[in-house]
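Asks: sequence and predicted model, in that order:
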Amino acid sequence: MPKTLTVNRGASDAVRALLRSLIEGGKVEGVFTLARVNNKGVGYALIRDPEKIEQAEPFYPWMPSSGGKQLSRLVSLSRRPRPLAVVLRPCELRAFVELVKLEQCRRDKLVLISSTCGGVYPVETLSDGNPDDRVPRYWNGLKAGEGQPDARDSCRACKHFIPYNADLTVALVGCGDLDEKCTFFVNSEAGQACLEGQGGVWGQSAVETEATEKLAAARDAERERQREELHLGSLGIEGLVGIFGKCVGCRSCREVCPICYCTLCDFDSAKYENEPAWFARELNSRKGVRVPPATLLFQMGRMVHMSVSCVGCGMCSDVCPVNIPVATLFSSVGEANQKLFDYVPGKDESQKPPFVKAELNELENLTV
Amino acid sequence: MAESFDPKILYVMCGWCGTGGAETASAYGMYYPENVRIFRVNCTGALSTVHMLRPLLEGADGLVISGCHPGDCHYDDGNFMARRKVALVKTILDSLGLDSDRLWFRYVAHGEARRFVDTAAEFTDHIKSKGPNPLATRSDT
Ligand code: SF4
Ligand code: SF4
Ligand code: SF4
């Protein structure tokens, strides 16, 4: 069971105070967290000025972009001279760990802080009048260990809401006293070093509680319901065309996906720039062609490229302009091939991603 | 109907073993069905998953891949990487309710001329009995 430190402050305040002291004490060079932008909405920010920490909103219930993807771009592959403190949601942290494993960035010199997660609202609601109406409702839900009915589909169906690989985990789900108290769970030496000198009461307990188990069960049921609603078990060609038929080909789902890290996506490369002769050939063989062409090829191509690492964050569904449930589909397909390779993306830092190394004795029933 | 269906089959083979099998077959004057189009890659492990998917979406009725027997790969584990990729593509097809049995993976060694022509014929019969690939002829995908 991990060591814990409980402080007499509300959760967001406690994390702000910790971040501030890390900067002031010179333990980190800066912090990476959600922060208020012009007092309207939030965005990810890199902060060094201790005074600006007041604007940090580490647990604000929106995800304007995947923090895992943004962080990976900041820390790339060269060594950082000094550490950064980072606050991410569990799925963002998983995405970041996947990107480390896929050799897109480095894990070292980072203090990773995460929390048990109640989910986020769809990003479009961030600008619909007064988004802060949703904030008190969100925190009350957390205290009761419940998610919000209008949270993202993928959040309502998420089972990995207790972070893996965080140096420090802040308990939020089911914490009735989170306005007055905050408990940090220490998962590593780096996490321990951060808390040295902080006031509070030390203890020891498990981050999993009755409340987290209850929430996990509710989300399992919701995930099944969503998949049944989309008939994911028996889509077939008609079902797929039905779902992706309205795709406008904007590629937003890929742009925001933390796992799609490619600088030039295969599907934007020259090999898909079709010559007039190609269209003529399609007219001949298929008697017609969808425009833009190759929608299913793009969607299924993205599935074969990245779904084994899909963390189910829901960014893709959130930005789709025509409301295609991209994430429900990708995480369901992803889960099938994650099961095949006994792999949970972003969980075990030492387990190689499935397409780095194959084994001699596996998949023996595949050959005909 | 079944008689008039001449399936388009793509046969992807490794440049070492499968191609050797095909050469041995030609040296012995063996016959394989003419609708089978051979596509040579340096190693089946170098074949990308999109290369497996694209023919099935854009025109082929079936795709068969043959690599070296376990332990024979010139690049150590290329055939096992291919096997993983095939498993991935099949799993994705299955979980979308599409036909994953239009994709085959088999080991064929350099000297196995008979096995190569048999595979080509067997796969052609298999695809003939299935009929045309419904995905490849749609104009709304
Ligand atoms: S496919 Fe969608 S749900 Fe999966 S990691 Fe990418 S953005 Fe997140
Ligand atoms: S779809 Fe494939 S090539 Fe395109 S960005 Fe994603 S992983 Fe890269
Ligand atoms: S975001 Fe939606 S419309 Fe745009 S490419 Fe993705 S699925 Fe298609």
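Replies: That came through, no problem. Residues are numbered from 1 along each chain as shown, chains lettered A, B, ... in the order given. Ligands and ions are numbered 1, 2, ... in the order given.

Asks: hang on, isn't residue A:194 packed against residue A:112?
Replies: No: in this structure residue A:194 lies outside contact range of residue A:112 using CB atoms under 8 Å: 10.3 Å. C-beta coordinates here come from the backbone N, C-alpha and C atoms, glycine included.

Asks: my guess is residue A:98 contacts residue A:344, does it?
Replies: No: contact status for residue A:98 versus residue A:344: not in contact, 10.3 Å apart, counting by CB under 8 Å.

Asks: which one of these two has more residues nearby?
Replies: Comparing residue A:98 with residue A:344 by neighbour count (other CB atoms under 10 Å in any protein chain shown), the higher total belongs to residue A:98, at 24 against 15.

Asks: shouldn't that one be within a strand?
Replies: No: assignment of residue A:98 by DSSP: H, G, I helix; E, B strand; the rest coil gives helix, placing it outside any strand.

Asks: look up how far chain B lies from it.
Replies: 16 Å (CB to the nearest CB, to the nearest Å).

Asks: show me the contacts for residue A:338.
Replies: When contacts are counted by CB atoms under 8 Å, 6 or more residues apart in numbering or on different chains, residue A:338 touches A:308, A:344, A:345.

Asks: and residue A:119, how far from ligand 1?
Replies: Remark: distance between residue A:119 and ligand 1 (CB to the nearest ligand atom, to the nearest Å) = 13 Å.

Asks: next: residue A:300.
Replies: The span separating residue A:300 from ligand 1 equals 13 Å under the rule CB to the nearest ligand atom.

Asks: hmm, residue B:58 and that residue touching each other?
Replies: No: with contact defined as CB under 8 Å, residue A:300 does not count as touching residue B:58 (11.6 Å).

Asks: ok, back up a step: which neighbours do residue A:194 and residue A:112 share?
Replies: Where contact means CB under 8 Å, 6+ apart, the residues bridging residue A:194 and residue A:112 through contact with each are A:167, A:168.

Asks: for the helix or strand bottoming out on mean pLDDT in chain A, buried residues please.
Replies: For chain A, counting by mean pLDDT, DSSP states H and E, helix A:276-286 ranks last in confidence among helices and strands (a mean of 87). Along helix A:276-286, these residues count as buried under the neighbour rule (16 or more other CB atoms under 10 Å in any protein chain shown): A:282, A:286.

Asks: likewise stretch A:89-106?
Replies: Residues of stretch A:89-106 classed as buried by neighbour count (16+ other CB under 10 Å): A:89-102, A:104-106.

Asks: relative to residue B:4, how far out is the most far-flung residue of chain A relative to its centre?
Replies: With distances taken as CA atoms, centre = their mean, the residue sitting farthest from the centre of chain A turns out to be residue A:284, at 44.0 Å. With distances defined as CB to CB, to the nearest Å, the gap from residue A:284 to residue B:4 amounts to 18 Å.

Asks: and if you look at residue B:93?
Replies: Residue B:93 sits 27 Å away from residue B:4, taking CB to CB as the criterion.

Asks: the more surrounded of the two?
Replies: Residue environment comparison for residue B:93 versus residue B:4 gives the larger neighbour count to residue B:93, 23 against 5, counting by other CB under 10 Å.

Asks: surely the more buried one touches residue B:103?
Replies: Yes: the criterion here is CB under 8 Å, and residue B:93 meets it with residue B:103 at 7.3 Å.

Asks: list residues touching both of the two?
Replies: Any residue near both residue B:93 and residue B:103 by CB under 8 Å, 6+ apart counts here, and that gives residue B:56.

Asks: doesn't residue A:148 belong to a helix?
Replies: No: the secondary structure assignment for residue A:148 gives coil rather than a helix, going by three-state DSSP.

Asks: list the contacts of it.
Replies: By CB under 8 Å, 6+ apart, the contact set of residue A:148 is A:61, A:118, A:119, A:121, A:134, A:137, A:138, A:141.

Asks: contact partners for whatever residue of the stretch 151-300 of chain A ends up closest to chain B?
Replies: Nearest residue of the stretch 151-300 of chain A to chain B: residue A:288, at 3.5 Å (CB to the nearest CB). Neighbouring residues of residue A:288 by CB under 8 Å, 6+ apart: A:282, B:139, B:140.
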